[in-house]
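Trainee: A structural model of the following input is requested.
(one chain, ligands or ions: 1)
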Amino acid sequence: KYQSLGYNRVLEIHKEHLSPVVTALFQKPLLLHQGHMEWLFDAEGNRYLDFFSGIVTVSVGHCHPTVNAAAQKQLGRLWHTSAVFFHAPIHEYAEKLAALLPEPLKVIFLVNSGSEANDLAMLMARAHSNNIDIISFRGAYHGCSPYTLGLTNVGTYKMELPGGIGCQSTMCPDVFRGPWGGSHCRDSPVQTIRKCSCAPDCCQAKDQYIEQFKDTLSTSVANSIAGFFAEPIQGVNGVVQYPKGFLKEAFELVRARGGVCIADEVQTGFGRLGSHFWGFQTHDVLPDIVTMAKGIGNGFPMAAVVTTPEIAKSLAKCLQHFNTFGGSPLACAVGSAVLEVIKEENLQENSQEVGTYMLLKFAKLQDEFEIVGDVRGKGLMIGIEMVQDKTSRQPLPREEVNQIHEDCKNMGLLVGKGGIFAQTFRIAPPMCITKLEADFAVEVFRSALTQHMERRAK
Ligand code: PMP
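Mentor: So this is what the prediction gives:
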């Protein structure tokens, strides 16, 4: 047991000295003490299977021994700025990361967080295109810094302050919530158990969403834009997938207007989607800029922007670009070890195998429970959207979602929540989980839903 501070003292200190706008994930906030691979332990010694990875951050496992050993070795050697000296870990890391990206995405800028990476990508897009307007989806989360807050279109994070100058939002092609109806049945492993009888693409409404996208483009300054940001699958908005072919067409429309295309791989990168190492590859597109964070360091603060030599040169419009800690020897040692573990332990393949296995098991719950509206995702990024009933698709009230969430926690399973009504459960465990743990998670979830239906019936 962790003895140094009691639970109540922690709550007092939190209230007095820490941010008043940080929401704890659970009604009774969890006080964590220790992590090991896919397991977390609270201060009272209770054990939880972590199926949210600290918001999709722990990629290879909490305190993975190889990553910890690499960090400890570097700690004893040198930890320092990378900005004005050279050190081998950054060069080793840059070479390894670049090898994982297709041509011409070969120039790497290392920073410390996803917001910082997206800030830099915005700057590059504008410097390169000589345009200002940047487009992102409604429901997108790209960061909370004053610059990226303009791109983040989730109302709860917004402030009534100027900051999003030149940022335009466009309709999110969310086939489940969108006005044209539809489902994720096409292009998903769920299709193998739920035969869709509709004609090709009829349940995807891609063309309607593209018309909406064109409408946004035509209202930007002189029909010219600096860039378009997209998460390959939206995370915070509740694991939202786009109609097949949408991103490809959208990228072409953006480029025809002088803009660059940015893939935000903060949640989808590093093999999480299973079939591919990067989320953009699942859409068969090649972005001009890729941003990454979270899983890149397995929880260590590091992030990156990768782009083409040509776009990278646009930063030369200023004489120096500087970042004290970005690409520090310690971060690079951690980043290299993470890449090594993903490869050595076949974690991308594991995401594909265990993720698909679990997705199909969760999809069965959609047939069993009226309040499970949609089950979707790819690899180890799964969303379970909760509704009042399948016909109306109205979101299940927040208190009911929270209760199911809390019940899962009390049975030893931590999952996330997302969506603008907080109506979608998000499953994104460290990529090292086993099928046995996937079975456990599905059973806990089934049990929480059964309890909930009994409560509802009373
Ligand atoms: N992009 C995406 C897709 C994210 O999910 C997040 C964080 N939730 C960010 C950017 C911002 O990352 P950070 O919190 O490291 O600034």
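
Trainee: What's the nearest residue in this protein when you look at the ligand?
Mentor: Gly114 (2.2 Å; CB to the nearest ligand atom). In short, each C-beta sits where N, CA and C put it, glycine included.

Trainee: what kind of secondary structure is the most centrally placed residue in the chain in?
Mentor: The geometric centre of the chain, computed from its C-alpha atoms, lies nearest to Gln267 (CA atoms, centre = their mean), at 2.6 Å. Gln267 falls in the coil class when you classify it by DSSP: H, G, I helix; E, B strand; the rest coil.

Trainee: Could I get the full set of helices for the stretch 151-300 of the chain?
Mentor: 206-218, 246-256 (DSSP state H, counting those that start in this stretch).

Trainee: let me fix that: the stretch 1-150 of the chain
Mentor: In the stretch 1-150 of the chain, the segments counted as helices under DSSP H, counting those that start in this stretch are 7-17, 53-56, 65-75, 88-99, 114-129.

Trainee: Single out the most deeply packed of the ones you listed.
Mentor: helix 114-129 (a mean of 24; mean count of other CB atoms under 10 Å).

Trainee: and the chain, which residues reach the ligand?
Mentor: With the criterion set to CB under 6 Å from any ligand atom, the chain comes near the ligand through 55, 113-115, 118, 141-143, 231, 235-236, 264, 266-267, 293.

Trainee: how about 8 Å then?
Mentor: Contact residues, the chain versus the ligand (CB under 8 Å from any ligand atom): 55-56, 113-118, 140-145, 148, 231, 234-236, 264-268, 291, 293-294, 301, 303.

Trainee: Weed out the non-buried ones from those residues.
Mentor: Burial by neighbour count, 16 or more other CB atoms under 10 Å: within those this picks out 55-56, 113-118, 140-143, 145, 148, 231, 234-236, 264-268, 291, 293-294, 301, 303.

Trainee: before we move on, the earlier item: once you drop chain neighbours, what's closest to the residue nearest to the centre of the chain?
Mentor: Using CB to CB, 6 or more residues apart in numbering and skipping the chain neighbours, the partner closest in space to Gln267 is Gly235 (3.9 Å).

Trainee: got it, and Lys361?
Mentor: Nearest to Lys361 is Val442, by CB to CB, 6+ apart, at 4.5 Å.

Trainee: And for Ser188?
Mentor: Spatial nearest neighbour of Ser188, excluding adjacent residues (CB to CB, 6+ apart): Arg376 at 6.4 Å.

Trainee: Look up the pLDDT of that neighbour for me, please.
Mentor: With respect to pLDDT, Arg376 scores 92.

Trainee: Also Arg186?
Mentor: Among the per-residue scores, Arg186 shows a pLDDT of 52.

Trainee: go on, the one 4 residues further on?
Mentor: The pLDDT attached to Val190 in the predicted structure is 77.

Trainee: Let me see the contact set for Met171.
Mentor: Contact analysis of Met171 by CB atoms under 8 Å, 6 or more residues apart in numbering lists 137-138, 178, 209, 212-213, 216.

Trainee: Among the residues you listed, which pair sits farthest apart?
Mentor: Gly178 and Thr216 (14.9 Å; CB to CB).

Trainee: what about stretch 84-103, average pLDDT?
Mentor: 95.

Trainee: now do stretch 318-330
Mentor: 89.

Trainee: My read is that Pro102 contacts Asp284, right?
Mentor: No: using CB atoms under 8 Å as the test, Pro102 is too far from Asp284 to be in contact (11.7 Å).

Trainee: Name the residues contacting each of those two.
Mentor: With CB under 8 Å, 6+ apart as the test, Pro102 and Asp284 reach no residue in common.

Trainee: List the buried residues in stretch 432-443.
Mentor: Quick answer for stretch 432-443 (16+ other CB under 10 Å): 432-433, 437-438, 440-442.

Trainee: got JSON lines for the residues you listed, with pLDDT too?
Mentor: Shown next, in JSON lines, are those (pLDDT from 0 to 100):
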{"residue": "Cys432", "pLDDT": "98"}
{"residue": "Ile433", "pLDDT": "98"}
{"residue": "Glu437", "pLDDT": "98"}
{"residue": "Ala438", "pLDDT": "98"}
{"residue": "Phe440", "pLDDT": "98"}
{"residue": "Ala441", "pLDDT": "98"}
{"residue": "Val442", "pLDDT": "98"}
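
Trainee: In helices, which of those fall?
Mentor: The helices, defined by DSSP state H, take in 437-438, 440-442 from the buried residues of stretch 432-443.

Trainee: okay, those in TSV with distance to Pro243 next?
Mentor: Listed next are these as TSV, based on distance: CB to CB, whole Å:
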residue	distance to Pro243
Glu437	32
Ala438	28
Phe440	33
Ala441	28
Val442	28
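
Trainee: Let me know the closest of the residues you listed to Asn46.
Mentor: Checking those against Asn46 by CB to CB gives Phe440 as the nearest, at 15.4 Å.

Trainee: doesn't Leu413 make contact with the closest one?
Mentor: Yes: shown here, Phe440 and Leu413 form a contact pair, counting by CB under 8 Å, at 7.3 Å.

Trainee: can you list residues touching both of these two?
Mentor: Counting by CB under 8 Å, 6+ apart, the shared contacts of Phe440 and Leu413 are Leu49.

Trainee: Phe325: how many residues sit nearby?
Mentor: Per other CB atoms under 10 Å, the neighbour tally for Phe325 reads 18.

Trainee: if we can go back for a sec, any idea of the pLDDT on the residue nearest to the centre of the chain?
Mentor: Gln267 carries a pLDDT value of 98.

Trainee: What of Leu40?
Mentor: Reading off the model, Leu40 has pLDDT 97.

Trainee: Save the helices of the stretch 151-300 of the chain as TSV, and put in mean pLDDT and mean neighbour count too.
Mentor: Output for the helices of the stretch 151-300 of the chain, formatted as TSV (pLDDT from 0 to 100; neighbours: other CB atoms under 10 Å):
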stretch	mean pLDDT	mean neighbour count
helix 206-218	93	16
helix 246-256	96	18
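
Trainee: Any chance of a markdown table for those, columns distance to Lys15?
Mentor: Below are these laid out as a markdown table (distance: least, CB to CB, whole Å):
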| stretch | distance to Lys15 |
| --- | --- |
| helix 206-218 | 42 |
| helix 246-256 | 44 |
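
Trainee: okay but Leu360 is in contact with Glu353, surely?
Mentor: No: look at Leu360 against Glu353 with CB under 8 Å: they stay out of range, at 11.5 Å.

Trainee: before we move on, the earlier item: contacting residues around the residue nearest to Gln267?
Mentor: 55-56, 141, 266-268, 381, 418, 426, 428.

Trainee: Which of these scores worst on pLDDT?
Mentor: Within these, Ile55 has the lowest pLDDT, namely 91.
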